[in-house]
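fold the following and give me the result.
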Amino acid sequence: MRLDTKETARINCFNGGAGCAEGTMVLDGHIHLRATEGDREEFRRRLKAAGVDGGIVISLPPPGSPLDRLTSVLKWCELSGNLYPFYWIDPVAEDAMDQVGTAVEKGVSGFKVICGGFYPGDKRAMKTYAAIAKTGRPILFHSGILWDGKPSSPYNRPAEFEALLEIEGLKFCLAHISWPWCDECIAVYGKFLNARTRKSDLSVEMFIDTTPGTPPIYRKETLARLFTVGYDVENNVIFGTDSCANNYNIGWTQQWLDRDTAIFKELGLSQPALDGILAGNLRRFVGVSSAKIDKKLPRVGE
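Numbering: from 1, shown residues only. Prediction:
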């Protein structure tokens with residue numbers, strides 16, 4: 001498949017268009033694989049046409065051969081040093097620990113988890129999270145309504161992820177701003193910040209992935225709440241699209257980039273903050289940036 005004229009025209013976002021400033025790096029924090037095979041060069045071309053420099057590529061979901069799924073996502077990410085392979089793991093599977101070890105040995109950048117039939121604090125899952133945390137890899141969680149045709153959303157309410165306060169050294173991200181429980185997601189982020197006032201050596205860190213999620217009619221309201229609530233959040237928000245590598249959606253990506261960057265500018269976010277949201281925060285999340293971030297911790301009565 002090749003780029004059509006309309007898609008190619010979208011490239012002007014980074015040459016004076018309505019969206020990002022010229023030269024701004026953009027990393028897409030939420031790209032799925034829909035098949036193990038595909039035209040990887042076409043994926044690279046589509047990323048470039050969308051003005052995207054790379055991002056997180058998520059393996060095919062379980063069940064299925066763990067080794068095949070792992071090998072595939074690693075292969076897709078060979079195209080660029082800015083592509084970060086995330087292995088989708090079922091943390092309650094009997095062989096979850098073995099899968100963690102193999103995935104890390106093979107070179108994954110992180111893990112993807114959807115709690116489709118268990119709560120995030122399930123004891124079996126918590127053991128897997130702890131094992132992942134010890135490797136220094138982060139976890140990208142689905143959070144919010146789950147379009148899987150099953151009654152699974154109660155397992156993905158953001159407050160359920162408070163259990164992760166017990167996982168030392170974990171970096172995790174809640175995707176989709178937990179739509180439609182966006183306020184709850186923001187509140188949980190505040191709780192993780194405040195927890196450091198009670199336990200100064202707490203090493204767990206929460207990120208928020210802005211991948212839709214939120215329908216466009218709710219977008220401005222949700223981002224305004226996220227960035228004006230008063231929590232120190234600018235260094236912990238990651239841009240994403242939910243596109244797939246096998247047929248990366250240029251138009252969809254550009255629409256969300258244009259919409260979000262316009263909202264960010266209206267909110268008065270600085271260029272360094274915008275650079276972080278579009279790329280820098282993801283790089284810190286996956287561990288390729290060692291930037292040290294000092295956060296203002298929210299306290300009662302202040």
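
okay, now the unreliable bits of the chain?
For the chain, residues meeting the criterion pLDDT under 70 lie at 1-23, 301-302.

could you rerun that using 50?
Low-confidence segments of the chain, defined by pLDDT under 50: 1-18.

what are the boundaries of the helices in it?
5-9, 40-49, 66-76, 96-106, 123-135, 182-198, 216-228, 250-266, 271-275, 281-286 (DSSP state H).

which other helices and strands contact the last one?
Spelled out, it's helix 281-286. On a contact count with 3 or more CB pairs under 8 Å, 6 or more residues apart in numbering; DSSP states H and E, helix 281-286 meets strand 27-32, strand 54-58, strand 237-238. For every residue, glycine as well, the C-beta is placed using N, CA and C.

neighbouring strands - and their directions - for the second one?
When pairing is defined by DSSP bridges, strand 54-58 lines up against strand 27-32 (parallel), strand 83-88 (parallel).

by how many degrees do it and helix 40-49 diverge?
130 degrees (axes from the mean of the first three to the mean of the last three CA atoms, to 10 degrees).

would you turn the strands paired with strand 54-58 into CSV with mean neighbour count and distance to residue 196?
Shown next, in CSV, are the strands paired with strand 54-58 (neighbours: other CB atoms under 10 Å; distance: least, CB to CB, whole Å):
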stretch, mean neighbour count, distance to residue 196
strand 27-32, 26, 24
strand 83-88, 25, 26
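
and the ones you listed: which comes nearest residue 41?
strand 83-88 (13.1 Å; CB to CB).

the closest one relative to helix 66-76, how many degrees between them?
Strand 83-88 and helix 66-76 are oriented at 160 degrees to each other (the same axes, to 10 degrees).

which other residues reach strand 83-88?
Strand 83-88 is touched from outside by 54-62, 69-70, 73-74, 76-77, 99, 103, 107-114, 140, 282, 286, 288, with contacts defined as CB atoms under 8 Å, 6 or more residues apart in numbering.

those residues, buried ones only, as a ChimeraX selection?
With 16 or more other CB atoms under 10 Å as the burial test, the buried ones among the contacts of strand 83-88 are selected in ChimeraX as follows:
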select :54,55,56,57,58,59,60,62,69,70,73,74,76,77,99,103,108,109,110,111,112,113,114,140,282,286
